[in-house]
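> Pasting the sequence and the predicted coordinates here, then a few questions.
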Protein chains: 2
Amino acid sequence: MKNDPLLEPESVAVVGASRSAGKVGHTILANLLRSRFPGAVIPVNPSAESILDLPCYASLEAYGKPVDLCIVVVPFAAVPDAVSDAVRAGAGAVIVITAGFKEVGEAGAEAERRIAEQCRAARVRLLGPNCLGVINTHRPMDASFAKKFPERGAISFISQSGALMSAILDTAAERRLGLSKLISIGNKADLDETDLLTALAGDETTRVIVGYLESIANGNAFIKAAERTASRKPVVIFKSGVTRAGVQAASSHTGSLAGADIAYGAAFKRAGVIRADTFEAMFDFSTAFAMQPLPAGNRVAVITNAGGPGIMAADAVEGAGMTMAELDRAASDALKALLPPAASVANPIDVLGDADAERYAAALKTALEDPGVDACVVLLTPQAVTEPAATAQAIADRASREKPILVSFMGGEDVGEARRLLTAAGVPDYPSPERAIASLKAMCEYNAWLRRPPRVVTRFPVNRRRVERIIRRHVRTRQWQVGEAFAKDILRAYDFTVPPGDAAATSGDAVEQAEKIGYPVAMKIMSPDIVHKSDIGGVRLNLASPEEVRDAFDLMMMRIRQAVPSASITGVYIEKMCGRGREVILGMTRDPQFGPMLMFGLGGIFVEVMKDVTFHIAPITADEAMQMLESTKSFALLKGVRGQRSVDLSAIAEALQRISQLATDFDCIAEMDINPFIVGRVGEDSVAADARIRLKETKTPSRR
Amino acid sequence: MKNDPLLEPESVAVVGASRSAGKVGHTILANLLRSRFPGAVIPVNPSAESILDLPCYASLEAYGKPVDLCIVVVPFAAVPDAVSDAVRAGAGAVIVITAGFKEVGEAGAEAERRIAEQCRAARVRLLGPNCLGVINTHRPMDASFAKKFPERGAISFISQSGALMSAILDTAAERRLGLSKLISIGNKADLDETDLLTALAGDETTRVIVGYLESIANGNAFIKAAERTASRKPVVIFKSGVTRAGVQAASSHTGSLAGADIAYGAAFKRAGVIRADTFEAMFDFSTAFAMQPLPAGNRVAVITNAGGPGIMAADAVEGAGMTMAELDRAASDALKALLPPAASVANPIDVLGDADAERYAAALKTALEDPGVDACVVLLTPQAVTEPAATAQAIADRASREKPILVSFMGGEDVGEARRLLTAAGVPDYPSPERAIASLKAMCEYNAWLRRPPRVVTRFPVNRRRVERIIRRHVRTRQWQVGEAFAKDILRAYDFTVPPGDAAATSGDAVEQAEKIGYPVAMKIMSPDIVHKSDIGGVRLNLASPEEVRDAFDLMMMRIRQAVPSASITGVYIEKMCGRGREVILGMTRDPQFGPMLMFGLGGIFVEVMKDVTFHIAPITADEAMQMLESTKSFALLKGVRGQRSVDLSAIAEALQRISQLATDFDCIAEMDINPFIVGRVGEDSVAADARIRLKETKTPSRR
């Protein structure tokens, strides 16, 4: 099988290679040589005979043989021809380093589209433009203009920022962190994070994939690729642009509460992607994943030669939602025998300020052997008789493939040698207990994701054609807001319980409907122009007699015509009053990247004031729907506080799954709220008491 | 004026000085010499003639002259005599390094108390026992057995952990951070954090005080000293032991929601103490405070040579509740003129990847001159043509005493020289944008505290004697739970509006009371044995007629006697039903360290499920009471959502101040809830509808 021409090429041409040191076209050539790339290196430049002692060619054609990878560093105007030449010469992959494309304006974007199409037509993969290039320490190959070539290792980086790549390389060098591949994805005209995730998923020398991303090109493809990849190896992503992301214009609660960052969070969670929130966490987490086995659970033992850091670690463990392990009898006895009488045999295990390497080793061995311990965190402060280096060696000697060991040797020079030793031996060391424990938490969460139950999405039998008809009619008349009556028809078709009700155009009709349904009834204005009915007096509840219905109708018509003279009013909707129960809000909004996102929250103030809601990417499983309920703060209210009985949780979970199915079936539904969804106790009915659906503005109803 | 004998001694004796290298008694002597302590150094050891070329004395008496500071390093058993000798010889201060005291058990604690009393009686200050000693780089003096002597600087550390001090010294050395004093406070038998805060407040060479604390000895004294100190210079405290702190047994909501860490948080907030949550934040924050002026506001300009880090910084700025400055026209024009066309003149200001030092300097100058910018954060990634060191110098040259500049040069070796240069020039540099901005946030918060309005605690005219009488009667009969009727009498005496009501022993009395008060009424069981009345059917509301009152009385008596046969029942409390309004809960619990803590929250589920409450240390000002309301998430509900009018916020604030006064007046009130406090709109009455008070179990009512 042929090697990947981008990451494992046999030959690399540098089109735009330069004799002038300092120029990018020179640096890339020099880097290829410095990295001892074992294949052919072909400088292309019509005005040079040789560069860096390599024979230089006037063109790829002049070189005559096909090349795997063609790196283009010519000026902007010459890029299209250079890419054409590369394609014509049979290059397997092209990297365009040159900037000035999409990032500077429309002309650049147009040029970028053209070169991307050219490559796509010829089935040549394109990286960039506007990128730093690619590094592969295992080939070895430095096809970038980075300043540093990293040590060989197991962590691969994908970065949307070339500049950040330079900081990543420099930071990795300082931490003595070995890397495998570094890929600067630039403007992502062709190859994007999804392609590269997939490529690295299958790369044997990559144990952890780290991504710095500012955007994601295709949300659905990304989720699928990330989920597949994460099931094979950890994927750590630092996504910036968190707070600035504007919230889309939305007419539903769900839409207005969702933001792009919530969608990224939901997508990452679904796909098992570990999210790093800071530049340092990106390194901290990936180091732990690259070096240590995953913990089977979240019970942590802490070993320390100072009380203070032990307390810090215990704070951090509990703050992170993990637990301090309770040592078993065997461990306590062993520690009592090993340690001086003043030492603590509880957890944190305080081996005391005069602990030597041997005492640390014995304590660590004991903790690792305790079946109630899933992970060990070893802390050291450099005191008078402390042996940092020997202790580091002792810890390294006890490292196993069974339980992770994370370490914080606190200080500077006094622990410098020890730190180098730990890193070399594959024991991750952190400057503070807090950072060690944050990394351990990331490992625990990834492990929990790996061991999640299989995702089975239920398909309910529904009346899909009925929904199609309703939507088609709305689209035909360009009514993008589906009023309550039709929205409830749609819900009925998806087997929601909806209160009996019907439209009424006159007060006489209204009374007739009410008599048919039975009192008390609710009356709600029907108008495509009025979305928030209750805000303008368009809702009356608990009407108990023909007189009340008639009065309410006449008053509502008069007042709303006064309040919103422009509104086209088709009548009122008469509906049976719902029974009592807990009001929750269920919703869906369609994220531009990740598609339908489901929302759950308790009704009213919990959503509007407390913003106590959760989101999940559709389609959703029964387990995931239940997790949505459980992850709201107000969940206790559903379970029942102060002796109240629980509401029917599974009814809510099922409703979320049905919305998920509806949103998946009909792309044209842009957003919807069921607010309130009134949920009773187990055995009672749960009812969609009000609903609102907004359609995407398209010409014809699309169907997936 | 005589110098401080602990921090600025003229002469230091080491009692227990040793000839054996490696022994603590040797190390301390060697450290004093290594630090070039300019005063007299007197080794005391009966079995040596000279140590480290200094004449050694058999005893302090043999030395003959008084010494300022006497350091005791003899074995545990010999400490009491050594301390006696020091006191007798007229030492100004004593440091006991020796361990084995309170930290190992009761015998040690007893010995510790004795030496502390001895020193106190002679007015000799004692540091320790079980400590590392003291360092003062300005004297200079190393009176500790630490491994390192730090560079001279403006940051002073107080540490409750001697072991952590070693990590602090080593970390400071690595960061090239200058320090002023380091004080290991050990077991705090005499001198504690409060004394040392006060000492360092007046110390001219200390610009920032940093404390690592595991406990605080005297909460009230600490708050006062910290507040006084913080008004002169920043105090940064890392308090560990956050999550483990047990919640005291409590019978009130307030008590069960408060924990020790909440009390520390409230105390720090009141005192203007900047709280660091991690070991690294302790350094990060203090570096910023030591090196840069405080920002006048929270508008931040970010300058960067790479887009990615700029986005990270903007995320962090908004996440921290600060704002990205909007550059004014002058700044935008200046930047347009200075920067290449592709550069961003918005904020973050992207000076582009090819920015040299000069371009950075020009951008920084422009941002600093913009009156809409309060602080600048400068980011750098080491790209191909970046000039880290020259850029660092250019930034340092522009540093001013007007606006703070914080820097993150991201990377390792490539920015190493630049980092050293920045630190030397007093520009704080952080490994990531996030940490720079967290430090800037700490500066903003401190500045806001410094500029807070003067604290004026209102004293309301109240009937204090009435409360004394009620409490005295309860204490006499050892009734620690004050029932609703008397609790409301107490509230009335402090001018709360309480619904009209009175006790009734029989159904006839009950009807008579109800007739007097007017229907509808509430009926509540009166029993010292029943705290949670409504849980056992001891509350009936909305009784509207004599028949209903009579029926309710008979039923309540019968049922409660069945449910709680042991309860002593004194009758029922008949009360006018309250008007409608928003239910809030007001409370007070007494923290063992910091005294009365006031609580505020919205009633019911907001407290019980959402835990949406705030605490504040009493006494409280009107401003602070209003801040308590504003800092709950549910505050919007009080202000009115969806067109509702606001409730009378000042009525709640005043009620909190009255509780504050009550709690301050009566130490013997252990905890209380007013739940619900029903607050109407402005102009309407706000009513304490139910109240519960628990007294401290003492012999006589104490009065402050």
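Perfect, I can see it now.

> contacts and neighbour counts: CA atoms only from here.
Will do.

> residue ranges with poor pLDDT in the stretch 501-650 of chain A?
Confidence mapping of the stretch 501-650 of chain A against pLDDT under 70 gives the ranges A:642-643.

> Show me the strands in it, by range?
A:501-504, A:521-526, A:539-543, A:571-576, A:582-591, A:595-602, A:613-617 (DSSP state E, counting those that start in this stretch).

> most packed of those?
Ranked by mean neighbour count, those are led by strand A:595-602 with a mean of 27 (mean count of other C-alpha atoms under 10 Å in any protein chain shown).

> Distance check, A:Tyr573 against A:Ala89.
From A:Tyr573 across to A:Ala89, the span is 70 Å (C-alpha to C-alpha, to the nearest Å).

> Please disregard the earlier target; I meant A:Ser650.
62 Å.

> Those two: which is more packed in?
Taking neighbours as other C-alpha atoms under 10 Å in any protein chain shown, A:Ser650 and A:Ala89 compare with A:Ala89 leading, 20 against 15.

> That one touches A:Leu69, doesn't it?
No: with contacts counted by C-alpha atoms under 8 Å, A:Ala89 stays clear of A:Leu69, the gap being 10.8 Å.

> who's in contact with the residue nearest to the spatial centre of chain A?
Of all residues in chain A, the one closest to the mean position by C-alpha atoms, centre = their mean is A:Phe268, 2.1 Å from it. By C-alpha atoms under 8 Å, 6 or more residues apart in numbering or on different chains, the residues touching A:Phe268 are A:223, A:274-275.

> three-state assignment of it?
With DSSP: H, G, I helix; E, B strand; the rest coil as the basis, A:Phe268 sits in helix.

> And it, what's its pLDDT?
Here the pLDDT value assigned to A:Phe268 is 95.

> distance of it from A:Gly595?
14 Å.

> Could you do A:Val482 as well?
20 Å.

> can you count the residues close to A:Leu555?
Other residues within reach of A:Leu555, judged by other C-alpha under 10 Å, total 14.

> swap in A:Asp261?
18.

> so which strand or helix has it?
Using DSSP states H and E, A:Asp261 falls within helix A:260-271.

> got the angle between that helix and strand A:582-591?
90 degrees (axes from the mean of the first three to the mean of the last three C-alpha atoms, to 10 degrees).

> State the next helix or strand along the chain beyond helix A:260-271.
Downstream of helix A:260-271, the first helix or strand assigned by DSSP H and E is strand A:274-276.

> That next one vs chain B: in contact?
No: using C-alpha under 8 Å from any C-alpha of the partner chain, strand A:274-276 stays clear of chain B, coming no nearer than 11.8 Å.

> picking up where we left off before, Serialize the contacts of A:Phe268 to a markdown table and add fields for neighbour count and pLDDT.
Shown next, in a markdown table, are the contacts of A:Phe268 (neighbours: other C-alpha atoms under 10 Å in any protein chain shown; pLDDT from 0 to 100):
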| residue | neighbour count | pLDDT |
| --- | --- | --- |
| A:Ile223 | 22 | 94 |
| A:Ile274 | 24 | 98 |
| A:Arg275 | 21 | 96 |
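
> nearest to chain B, of these?
Each of the contacts of A:Phe268 was scored against chain B by C-alpha to the nearest C-alpha, and A:Arg275 proved nearest at 14.1 Å.

> if I pick the closest one, what's in contact with it?
By C-alpha under 8 Å, 6+ apart, the contact list for A:Arg275 reads A:236-239, A:268.

> quick one: pLDDT of A:Ala78?
A:Ala78 is given a pLDDT of 96.

> Let me know the secondary structure of it.
Secondary structure of A:Ala78, per three-state DSSP, is helix.

> quick one on the thing from earlier: scan the contacts of A:Arg275 and report the most crowded one.
A:Val236 (27 neighbours).

> contacts for the host helix or strand of it?
Using DSSP H and E, the element containing A:Val236 is strand A:235-239. With C-alpha under 8 Å, 6+ apart as the test, strand A:235-239 has contacts from A:208-215, A:226, A:229, A:272-279, A:282, A:285-286.

> Just the C-alpha atoms of that strand, please, in PDB.
Extracted in PDB, the C-alpha atoms of strand A:235-239 (Å, rounded to 0.1, in the frame of the first residue of the first chain):
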ATOM      1  CA  VAL A 235      -8.900  13.400  21.400                       C
ATOM      2  CA  VAL A 236      -8.200  16.700  23.300                       C
ATOM      3  CA  ILE A 237      -9.500  19.900  21.800                       C
ATOM      4  CA  PHE A 238      -9.000  23.500  22.800                       C
ATOM      5  CA  LYS A 239     -11.700  25.400  21.100                       C
END
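
> mean confidence score for it?
Averaging the model's pLDDT scores along strand A:235-239 yields 96.

> Parallel or antiparallel, list what pairs with it.
If you go by DSSP bridges, strand A:235-239 pairs up with strand A:208-213 (parallel), strand A:274-276 (parallel).

> TSV for those, including distance to A:Ala346?
Shown next, in TSV, are the strands paired with strand A:235-239 (distance: least, C-alpha to C-alpha, whole Å):
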stretch	distance to A:Ala346
strand A:208-213	35
strand A:274-276	32
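
> Now the buried members of the contacts of strand A:235-239.
Neighbour-count burial (16 or more other C-alpha atoms under 10 Å in any protein chain shown) applied to these gives A:208-214, A:226, A:229, A:272-279, A:282, A:285-286.
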